[in-house]
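Novice: Provided below for reference: sequence and predicted model.
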Amino acid sequence: MLKQFSLLYIEEDETTAHAFLSEFEKFFNSVFIARSAEEGISIFEISHPDMVVTDLQLSSLDGLEFIKRLRAIESKVPIIVNSAFNDPHLLLKSIALSVNDYILKPTNTNLMLQALRKAARILSYEKSLARSHKMMQTIIDEIPDPIMYIELDMRVKMMNKAAKALGGEGLTELYPKCNKISDETSGGCSNGSHPCPINDIIKTKSPTTVRHVHTDKEGKKHHIDVHAKPIFDHDGAIVAYLEIRQDISAYLDVQKQLILETKKLTHLSMHDSLTQLPNRRLLENRINHAIEQKNRSGGGFGIFFIDLDHFKEINDSLGHLIGDELLIQIAKRIQKVIRKADTIARNGGDEFVLIIDSGASDAHYATVAEKILNLFQEPFRIDGYEINSACSIGISMFPKDGQSVETLLHHADIAMYASKKAGRQQFSFYHSYESKQIYPMIQD
C-alpha cells in the first residue's frame, strides 16, 4: 500500500536521518530527506509529498510552528511526529494541530510502519472519495437542471454547473445556504415567500415537490418545480437532502398555447365560421343537455326553426358577399331579443335554430316569435344597399312535440314549412299543424 506514496522526512541529525532512510525507503515510491524546517517547507511546496514525518526539535523553527505552516499549505496531508519529547502538553498541542500520530524516539520500526500504513489507508480512502466526487461531479454537471446536495444545516456541499449558473449571492461562499443559490429577486425559502421542500421532508421523511415562482433580475417570472428527497444512513436517519430544480416556464407556456389552440379548434368545430354562432353539432349537444335537464327538473323548452324568405334571390342578385353580411346582421338582431339562457345556432345556409328555455305556454313562444318577425321590419343596410328581408318560423315544444333531438328538429322544420305554405313571414306550432293554425306576423 505504501509503495504508491511519497514521504517527506524532516530530521536534523544526519545519523538518525540515514537510519530512517535505510529502514523505510524500500516501502515508498520515493522518500525526501530535509535537514531543516526551511528545507522541508521548500521540498513540500515543490514535490508535494503524500505524507510527512517530522521531529519537533528543530533548531531554526519551532516544530509546532513548522506543522502549522505545512497545514497552511496543505490542510489534509498526514503528519506523523517522531520525537524524543515525552511531554503530555506537547502531545496535546500536536493533537490540536491534527497530527495523525506521535511516535517516540528511539523509533520502533513496527509502530512507525503501523502509523505510516494507517496514514496510507486514510490517503487511499480520501483519494477514492475524491475520485468518486469527481466522477459524480462530472455526471451531475451534464444534467441541465440545477442539482444540490444539502446537509442538515441547509448548507450546500455539492452542486452542478446548472446550479452555479443561477448566479446567486451564495456562490461566493464555500458552503452557502441552499436558499442563496438563486438569482431570484423575489426572495427565498428562508423569508417565507416560497414553500420550503426540506421542511416538508422533516415532517414526512418522504420526497416532495413544491412550486416556486421566481422573478429574475430582468423582471421575468420563472415557474420552478423543486423536487427534494431525503438521504438516509443505515439506521434510517436523514443525513442530507438532494434537491433538483426544474424550470417549467417554457413547458407551461407551451401547455398554455396548446390549451388556447385546443380551445380555438374546439370553437371552430362547434361554431359557424361566418356568424360565429353555434353550429349544428353544438346545437345538438345543447338540445340534448336541455332534454336531460328538463327530465330531471321538469318543465319544457321550445325549438324555433327559422328560414329566411327569398334569400336565394338576394344571393343571386347582389352576390354571396352581400348575402353573407346579411346573415351576420340577422344573427346579431336575433341575439338582441333572446335571453342569455337561450341559444341561437346557424343550422346551415339561411337557416337558424333557437332553443328558447322555460316556456310555460304557446303564448310565451308566440311572443318570442313575433319579436323575431318584427326584427325584419327595418331594412338591412349593406354596402349602400337597403335590403328588405323576412323569415318563416316553425316551433316544436319539448316534451309534447318530441323527446329527442332528431324529432324536435324535424317537427320544427315541418312547422316552418307550414308557415312557408301559408304565405311566409309568419310562425306556426308543430302541434297546431294538423289544425292549420298558422300565425301571421302582427303588424305594429
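Specialist: On my side now, so go ahead. Numbering: from 1, shown residues only.
Novice: Could the C-alpha coordinates of stretch 256-268 be exported in CSV?
Specialist: C-alpha atoms of stretch 256-268 as CSV (Å, rounded to 0.1, in the frame of the first residue of the first chain):
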residue,chain,number,x,y,z
LYS,A,256,-50.9,27.3,-22.3
GLN,A,257,-50.5,27.7,-26.0
LEU,A,258,-51.8,24.2,-26.6
ILE,A,259,-54.8,24.9,-24.4
LEU,A,260,-55.5,28.0,-26.4
GLU,A,261,-55.1,26.2,-29.6
THR,A,262,-57.3,23.4,-28.4
LYS,A,263,-60.0,25.9,-27.4
LYS,A,264,-59.7,27.5,-30.8
LEU,A,265,-60.0,24.2,-32.5
THR,A,266,-62.9,23.2,-30.3
HIS,A,267,-64.6,26.6,-31.0
LEU,A,268,-64.0,26.1,-34.8
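Novice: Which residues does it contact?
Specialist: Residues from elsewhere that reach stretch 256-268 (CB atoms under 8 Å, 6 or more residues apart in numbering): none. (Glycine included, C-beta is placed from N, CA and C.)
Novice: For that stretch, what is the distance to the chain centroid?
Specialist: 21 Å (CA atoms, centre = their mean, to the nearest Å).
Novice: Could you do stretch 357-375 as well?
Specialist: On CA atoms, centre = their mean, the centre of stretch 357-375 falls 53 Å from that of its chain.
Novice: Counting neighbours, which bits of that stretch end up buried?
Specialist: 357, 359, 362, 365-366, 368-370, 372-373, 375 (16 or more other CB atoms under 10 Å).
Novice: pLDDT check: weakest of these?
Specialist: Within the buried residues of stretch 357-375, the minimum per-residue pLDDT falls on residue 359 (65).
Novice: tell me which strands and helices the longest helix seen in the chain is in contact with?
Specialist: If you go by DSSP state H, the chain has its longest helix at helix 109-141. Packed against helix 109-141, as judged by 3 or more CB pairs under 8 Å, 6 or more residues apart in numbering; DSSP states H and E, are the following elements: helix 14-24, strand 51-54, strand 79-83, strand 101-104, strand 156-159.
Novice: Include distance to residue 425 when you put the ones you listed into JSON lines, please.
Specialist: Formatted as JSON lines, the helices and strands packed on helix 109-141 follow (distance: least, CB to CB, whole Å):
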{"stretch": "helix 14-24", "distance to residue 425": "121"}
{"stretch": "strand 51-54", "distance to residue 425": "111"}
{"stretch": "strand 79-83", "distance to residue 425": "112"}
{"stretch": "strand 101-104", "distance to residue 425": "114"}
{"stretch": "strand 156-159", "distance to residue 425": "80"}
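Novice: So which of these has the densest surroundings on average?
Specialist: Among those, the stretch with the highest mean neighbour count (mean count of other CB atoms under 10 Å) is strand 51-54, at a mean of 24.
Novice: If you count contacts, what does that strand end up packed against?
Specialist: Applying 3+ CB pairs under 8 Å, 6+ apart, we find strand 51-54 packed against strand 6-10, helix 37-47, helix 63-73, strand 79-83, helix 109-141.
Novice: Tell me the gap between the fourth one and the middle of its chain.
Specialist: What that stands for is strand 79-83. On CA atoms, centre = their mean, the centre of strand 79-83 falls 57 Å from that of its chain.
Novice: Compute the inter-axis angle for that strand and helix 109-141.
Specialist: Computed with axes from the mean of the first three to the mean of the last three CA atoms, to 10 degrees, the direction of strand 79-83 lies at 160 degrees from that of helix 109-141.
Novice: Right, I'll call it a day here.
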